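S.K.: whatever this is, show me its structure:
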Amino acid sequence: MDGILSKISEEMLDGNSKEVQRLIEEAISGGIDASDILEQGLMAGMDVVGVKFRSNEFFVPEVLVAARAMNKGMAVLKPHLAKSGVKPVGKALLGSVKGDLHDIGKNIVRMMFEGKGIEVKDLGVDVPPEKFVEAYKEEKADIIALSALLTTTMEEMKNTVDAFIDAGLRDDVIIMVGGAPVSDKSRIAAGADLYADDAVAAAEAAKQALVMKSGA
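M.R.: Next up, the predicted model:
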């Protein structure tokens, strides 16, 4: 039955949502652990998506199609993961900062996060600092991921970090920044913890930070 896990990954890469769902149901019926289906099927497939995206073999449309197939598969798998006690590696709040209405890059980051087993609450676009703080209080997330595609909105990254400082919550959360005009120099200026130059690197950095945080 192990070959079915590879098939799940392959069908996900092709965006065959219905086939992904059917194969997951077949794998569950065949006695394969939900955690193995997640890690060796869906997450392994998203790892391949990340590699192909970074090497320009996949572009935004292919990533979106594969991610949609993954989400459909997760809808089938989630109840079985809950029964088996499998938990996400952590939770992230994601949003484009105040004044920034761009979301394609943010959406790809969300998919890559989910492909690493990170639960994501997407706050959307044009998110003011106080909304990030309010959502953090409600969700108790581990990571706040801020996206900006405009140089004119990058200042809102620092404003958001400052909002967490003002709320006395800065030491409780990891803050990541990213977007086309953003650099590690921007991260330092904003007072954030992490910077990644693409969605794949962002997901890898986030997972590594969560593993380190859980082991602290």
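
S.K.: how does the chain divide into domains?
M.R.: With domains defined by automatic domain parsing, the chain comprises 3-84, 90-215.

S.K.: mind putting those domains in CSV, mean neighbour count and mean pLDDT included?
M.R.: C-beta coordinates here come from the backbone N, C-alpha and C atoms, glycine included. Shown next, in CSV, are the domains of the chain (neighbours: other CB atoms under 10 Å; pLDDT from 0 to 100):
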stretch, mean neighbour count, mean pLDDT
domain 3-84, 18, 93
domain 90-215, 19, 95
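
S.K.: need the three-state assignment for Lys83.
M.R.: helix (DSSP: H, G, I helix; E, B strand; the rest coil).

S.K.: surely it and Ala34 touch.
M.R.: Yes - contact criterion CB atoms under 8 Å: Lys83 and Ala34 qualify, at 7.4 Å.

S.K.: endpoints of stretch 10-20, how far apart?
M.R.: Length of stretch 10-20, first residue to last, CA to CA, to the nearest Å: 9 Å.

S.K.: would you mind measuring from the residue of the chain positioned farthest from its centre to Ser17?
M.R.: Within the chain, the residue lying farthest from the chain centre (CA atoms, centre = their mean) is Gly30, at 29.6 Å. Remark: distance between Gly30 and Ser17 (CB to CB, to the nearest Å) = 20 Å.

S.K.: Val120 now?
M.R.: Distance from Val120 to Ser17, counting by CB to CB: 19 Å.

S.K.: before we move on, what about Ser29?
M.R.: 19 Å.

S.K.: ditto for Ala92
M.R.: If you measure Ala92 against Ser17 using CB to CB, the figure is 24 Å.
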